Structure formats: structure tokens, C-alpha cells
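**Student:** The following comprises the amino acid sequence and a computationally predicted model.
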Amino acid sequence: MAQESINMQQDLDVCYQLSNSQKEPVNIYTYVRENQNDPVFKGFIPKLKDHFLGRLLNQGYDGDTYGEFIEEERNTVRIAGEQIYRCKTIRINYTTYDVRCDGDTINPRTYPDIMVKSPEIGLHAQPFWYARVIGIFHTSVLSCHLEVAEKSTHRMDFLWV
């Protein structure tokens, strides 16, 4: 019984749950090339590499980006096997207003719309941002950037909104 309580507590501390499945691999470069006429794909790979590099460098996140990197820095990011893995759902855990643990499941096919607290500050700032989730993915990333502390492969989970 004590072990169950420990496992339950650990699960409550997790911000989200995402499958480890690799059943739906997507070659990232083929995916972008096949959809090059779709405006949603414009700059997808550089933005994704900026996102990964910002996370690996523990840079501040402003709600939209970790910052812009130059091409030389982006080239330090390698996506293992050029594969990203599509997941069907992600469960986001949160604490409700009355201090209860709860969660929501995001599914791009049935429940794609999300709302997050805006990082904007000021009198006319919007309190929330709204987005539509296009895809849920995970991949393995390696960077040889000089400032990345650990030169090993890192699992990266991401939503494409």
C-alpha cells in the first residue's frame, strides 16, 4: 500500500503524460518537403531547432520562443535518424482553483484547441493565448553546441501549435 501511495504522488508531480511509442515515425525533412506549399510549414525546421536549442541551453522562454539562433548554431542540433514520432494524445495535469488535481487530454483530431496564460505584462496585455494543436510529437535530439552541458541524446516532447 505504501508503494502505491509513492507512485501516485510521483504521477501527480508530473506536468504531463505522453506516450513513448514509436509506432508513427515521421521523417521530418520528407514531411516538410511534401507540405512545402502549406504556409503552416514555413520555417518549421529552423523554428523547431531554435526551440530545441533554447531548451538545451536552459534559456528563458517568453511564451513564443527561446530566441533566434544563427544558422551555424542551428546546425549543431541533430534529430536522431531525422525521425519525429507522432502521438495521438497528451494529458496535461494541473491544479484547479479549489486546489484539486485534475487533467485534460489534448487530441488534435477531436480536442485541438488550448488556452494558456499569456506571458505578456501590461495594462492592455491579453491574459490568455489561444492556440490550435496541429500535432503532438517526441524525438531524440543531440547538440554539439559549445554551451550545451550534456553532450548526450535528449528526449524532446513538443506540441506543434
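**Tutor:** Good, I have the coordinates.
**Student:** Show me which positions of stretch 151-161 end up buried.
**Tutor:** Buried positions in stretch 151-161, judged by neighbour count with 16 or more other C-beta atoms under 10 Å: 156, 158-160. Quick note: C-beta positions are derived from backbone N, CA and C, even for glycine.
**Student:** Arg91: which of those residues is nearest?
**Tutor:** Leu159 (12.4 Å; C-beta to C-beta).
**Student:** so what's the closest one up against?
**Tutor:** 90, 106, 133, 135-137 (C-beta atoms under 8 Å, 6 or more residues apart in numbering).
**Student:** Could you rerun that using 7 Å?
**Tutor:** 133, 136 (C-beta atoms under 7 Å, 6 or more residues apart in numbering).
**Student:** Skip the chain neighbours and tell me the closest residue to Asn107.
**Tutor:** Of all residues not flanking Asn107 in the chain, Thr89 sits nearest, at 4.7 Å (C-beta to C-beta, 6 or more residues apart in numbering).
**Student:** The residue lying closest to Arg86 once chain neighbours are set aside and Glu34: what is the separation?
**Tutor:** Nearest residue to Arg86, sequence neighbours excluded (C-beta to C-beta, 6+ apart): Glu24, at 4.1 Å. As judged by C-beta to C-beta, to the nearest Å, Glu24 and Glu34 stand 15 Å apart.
**Student:** What segments of this structure are helices?
**Tutor:** 2-13, 28-34, 44-56, 71-74 (DSSP state H).
**Student:** For stretch 127-143, C-alpha coordinates in PDB please.
**Tutor:** Output of stretch 127-143 as PDB, limited to C-alpha atoms (Å, rounded to 0.1, in the frame of the first residue of the first chain):
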ATOM      1  CA  PRO A 127      -4.500  37.400 -20.100                       C
ATOM      2  CA  PHE A 128      -4.600  34.300 -22.200                       C
ATOM      3  CA  TRP A 129      -3.300  33.000 -25.500                       C
ATOM      4  CA  TYR A 130      -5.400  30.600 -27.600                       C
ATOM      5  CA  ALA A 131      -3.900  28.000 -30.000                       C
ATOM      6  CA  ARG A 132      -4.800  25.000 -32.000                       C
ATOM      7  CA  VAL A 133      -2.600  21.900 -31.600                       C
ATOM      8  CA  ILE A 134      -1.600  20.600 -35.100                       C
ATOM      9  CA  GLY A 135       0.500  17.700 -33.800                       C
ATOM     10  CA  ILE A 136       1.900  16.000 -30.700                       C
ATOM     11  CA  PHE A 137       5.500  14.600 -31.100                       C
ATOM     12  CA  HIS A 138       8.600  13.400 -29.400                       C
ATOM     13  CA  THR A 139      12.100  12.800 -30.700                       C
ATOM     14  CA  SER A 140      15.700  12.400 -29.600                       C
ATOM     15  CA  VAL A 141      18.000  15.300 -30.100                       C
ATOM     16  CA  LEU A 142      21.700  15.800 -29.800                       C
ATOM     17  CA  SER A 143      23.600  19.100 -29.900                       C
END
